[in-house]
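A.B. asks: structure, please.
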Amino acid sequence: MTETSSPETPGPRPFDPASLRFDDRGLIPAIAQDAEDGTVLMMAWMNEASLRETLETGQVTYWSRSRAQLWRKGETSGHRQRLVELRVDCDRDCLLLQVTQKGPACHTNRRSCYYTAVRDGAEVVILDPIAE
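C.D. replies: The predicted structure is shown next:
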């Protein structure tokens, strides 16, 4: 894949987190995707501080709404995420984090938080927990 330029995208420019559209709580949704196979792993929230820490360290850091503090993914479980690439959507109000995931991404011990599918009107669990 090559990088292209157009009138809308004049080429590489410095990234400014302040250019993002954070909500009224200062948060932006961040979707974590396996950089190797494209599996959607989870969705969480980031604020400007967690985004800056992620970019500075490569260790994915989110904002925990329930604890009102930075949440360094895998800090207690060891199931860390390392940032491979950050992508910004066209409206600049959602992030896609392509990551390498160590261990399960979900607190239920599954590879992905998206382990339930709706099929023929019924919820079906499609991913089992990872055996330890």
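A.B. asks: CA only for contacts and neighbour counts going forward, please
C.D. replies: Will do.
A.B. asks: now for residue 85: which residues touch it?
C.D. replies: Residue 85 is in contact with 97, 98, 99, counting by CA atoms under 8 Å, 6 or more residues apart in numbering.
A.B. asks: which of the three states applies to it?
C.D. replies: Taken by DSSP: H, G, I helix; E, B strand; the rest coil, the conformation at residue 85 corresponds to strand.
A.B. asks: hey, what's it bridged with?
C.D. replies: In this entry, residue 85 is beta-bridged to residue 98, by DSSP bridges.
A.B. asks: what distance do you get for it to residue 36?
C.D. replies: 11 Å (CA to CA, to the nearest Å).
A.B. asks: also residue 98?
C.D. replies: Residue 98 is 8 Å from residue 36, where distance means CA to CA.
A.B. asks: and residue 54, which helix or strand is it part of?
C.D. replies: helix 48-57 (DSSP states H and E).
A.B. asks: oh sorry, the question was meant for residue 100
C.D. replies: Per DSSP H and E: residue 100 is located in strand 95-101.
A.B. asks: could I get the average pLDDT for that strand?
C.D. replies: Strand 95-101 shows a mean pLDDT of 98.
A.B. asks: who's in contact with it?
C.D. replies: The contact list for strand 95-101 (CA under 8 Å, 6+ apart) reads 28-36, 79-89.
A.B. asks: please repeat the previous calculation with a cut-off of 7 Å.
C.D. replies: With CA atoms under 7 Å, 6 or more residues apart in numbering as the test, strand 95-101 has contacts from 29-35, 79-89.
A.B. asks: using CSV, list the CA coordinates for stretch 59-75.
C.D. replies: Only the C-alpha atoms of stretch 59-75 are listed here, as CSV (Å, rounded to 0.1, in the frame of the first residue of the first chain):
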residue,chain,number,x,y,z
GLN,A,59,1.7,0.7,25.4
VAL,A,60,-2.0,1.2,24.7
THR,A,61,-3.6,3.3,27.5
TYR,A,62,-7.3,4.0,27.7
TRP,A,63,-9.4,6.1,30.0
SER,A,64,-11.4,4.1,32.6
ARG,A,65,-14.8,5.8,33.0
SER,A,66,-15.7,3.7,36.0
ARG,A,67,-12.4,4.4,37.9
ALA,A,68,-11.9,7.9,36.4
GLN,A,69,-8.3,7.2,35.7
LEU,A,70,-5.8,6.1,33.0
TRP,A,71,-6.1,2.4,32.3
ARG,A,72,-2.9,0.8,30.9
LYS,A,73,-4.3,-2.2,29.1
GLY,A,74,-2.9,-5.4,30.7
GLU,A,75,-1.2,-3.6,33.6
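A.B. asks: cheers, nothing more for now.
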